[in-house]
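**Q** Have a look at this fold, sequence not included:
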């Protein structure tokens, strides 16, 4: 593995990993989940779960990548005790990466289309009804969706084809810096809107009576799930960047920095959305339509709405594209490590493969709209999202945990030696019992609750 590519800098590793974690979970799902579950009280619980659940699993995934110096397709095989079968998850994890891209590329394409429509003024001056039909018109047009999906795949695959340092690391650094700048500008603009105070109070001042209205159990589960899924852990998308770094820094400190960046973006997204919704008298807990219907309504009413709408959807696009680039890098490295392909050959093959695999999600809103996997109103995207979010991500994280803590896996001593190699925050030995038994129980509860919630209504 001497000829393996490496990242040029520590900041490149942190921004790349943060770029992978920062995505639609932060800027799309987090605000509407927060709005639905009572605001600031939910945010506090979410932050606690992020620290006690997300950070340890991220450290483990990085450790597996750095110790093996290989893609998840081979890393478990490299580290597992002779005769064990941990490596069976390698191809499953890569399949999870593909499955994630089967709908993520479509949503990223929607965001690019909204950005383009905002800056050319297509959405300015629209009525509420026109804004609402703008999204349904988009999903009803497969050719338009395919065009923007292909743009997304083309741009991201071209960046990955340039190589690890010259493409993936260089461009992701630029995108992440732009993302941070734009989100701060948008948050300041939103906070300064007349009438934003109520939204800020809802978001920043805990009112636990609002949580009790929703149900404490529901809020705890939603916070747990959000903290878990926001970090892109469980499919080897983080371990690949661990395989590209040296041992000069302990993984605990690096993981905490990445989680802090991820959390900063999620929290600042709330500072954009809640004050704006309050200023224009719009309910913030409206669900997934918040980004594609509710917020465009706000921008249509706002002075300079084309500019602010364009900036918002540019920020959203950067958040989505950094995740796509990171996951593409994981997929491409699989073909390079396991099959021995050149980067160019792997990129060319996967360019066409991912475009083909992305088609069912797009067609699920029009030509294949009759297929409703979870009943009335559901689409192929819902099925793909369920398989990734409720099955593969938690199962993969559970497997990584057991692999790093059990003696019939890699083992805790080998894991902690790798995790604590170098300067910086160390992984505490006292956490062994919690990681061995506590977190697995939490993950199993998440999986069971997610599966129950999805299928129970179908048999009611």
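**A** Structure received. Computed from a predicted model, the values in this text were never measured in an experiment. Numbering: from 1, shown residues only.

**Q** Pull the contacting residues for the residue lying closest to residue 328 once chain neighbours are set aside.
**A** What sits nearest to residue 328 in space, not counting adjacent residues and going by CB to CB, 6 or more residues apart in numbering, is residue 160, at 4.7 Å. For every residue, glycine as well, the C-beta is placed using N, CA and C. Counting by CB atoms under 8 Å, 6 or more residues apart in numbering, residue 160 makes contact with 167-168, 325, 328-329, 332, 343, 347.

**Q** how does it look with 7 Å?
**A** Neighbour list for residue 160: 167-168, 325, 328-329, 332, 347 [criterion: CB atoms under 7 Å, 6 or more residues apart in numbering].

**Q** Are any of those residues buried, and if so which?
**A** For the contacts of residue 160, a burial check counting by 16 or more other CB atoms under 10 Å picks out 167-168, 325, 328-329, 332, 347.

**Q** possible to save the contacts of residue 160 as TSV with pLDDT?
**A** Shown next, in TSV, are the contacts of residue 160 (pLDDT from 0 to 100):
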residue	pLDDT
167	94
168	94
325	96
328	97
329	95
332	96
347	98
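
**Q** Return the closest of those with respect to residue 208.
**A** Nearest to residue 208, judged by CB to CB, of these is residue 325 at 40.0 Å.

**Q** so the closest one is in which element?
**A** When elements are assigned from DSSP states H and E, residue 325 belongs to helix 305-339.

**Q** Now do the following helix or strand past that helix: which elements does it pack against?
**A** With elements assigned by DSSP H and E, the helix or strand that comes after helix 305-339 is helix 343-363. The contact analysis (3 or more CB pairs under 7 Å, 6 or more residues apart in numbering; DSSP states H and E) places helix 343-363 against helix 89-119, helix 142-161, helix 305-339, helix 380-386.

**Q** As JSON lines, these with distance to residue 129 would be great.
**A** Below are the helices and strands packed on helix 343-363 laid out as JSON lines (distance: least, CB to CB, whole Å):
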{"stretch": "helix 89-119", "distance to residue 129": "17"}
{"stretch": "helix 142-161", "distance to residue 129": "20"}
{"stretch": "helix 305-339", "distance to residue 129": "17"}
{"stretch": "helix 380-386", "distance to residue 129": "24"}
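
**Q** Residue 27 is nearest to which of those helices?
**A** helix 305-339 (5.0 Å).

**Q** State the distance spanning the first to the last residue of stretch 374-384.
**A** 11 Å (CA to CA, to the nearest Å).

**Q** Which other helices and strands does the lowest-mean-pLDDT helix or strand in the chain contact?
**A** Within the chain, no helix or strand scores below helix 289, which has a mean of 73 by mean pLDDT, DSSP states H and E. Under the contact criterion of 3+ CB pairs under 7 Å, 6+ apart, helix 289 touches no helix or strand at all.

**Q** chain center to it, what's the gap?
**A** Here the centre of helix 289 is set off from its chain's centre by 18 Å, with CA atoms, centre = their mean, to the nearest Å.

**Q** do the same with stretch 298-316
**A** Here the centre of stretch 298-316 is set off from its chain's centre by 23 Å, with CA atoms, centre = their mean.

**Q** mean confidence score for it?
**A** For stretch 298-316, the mean per-residue pLDDT is 87.

**Q** Could you do stretch 116-130 as well?
**A** 84.

**Q** And stretch 449-460, by the same measure?
**A** Throughout stretch 449-460, pLDDT has a mean value of 80.

**Q** And the contacts of that stretch?
**A** 221, 374-375, 386, 390.

**Q** I'd like the distance from that stretch to the chain centre, please.
**A** For stretch 449-460 - counting by CA atoms, centre = their mean - the centre lies 24 Å from the chain centre.

**Q** just stretch 172-188 next, same as before
**A** Counting by CA atoms, centre = their mean, stretch 172-188 comes out at 17 Å from the chain centroid.

**Q** Run through who's touching stretch 215-225.
**A** Residues lying outside stretch 215-225 but in contact with it, judged by CB under 7 Å, 6+ apart, are 33, 37-38, 42, 45-46, 49, 211, 442, 446, 449.
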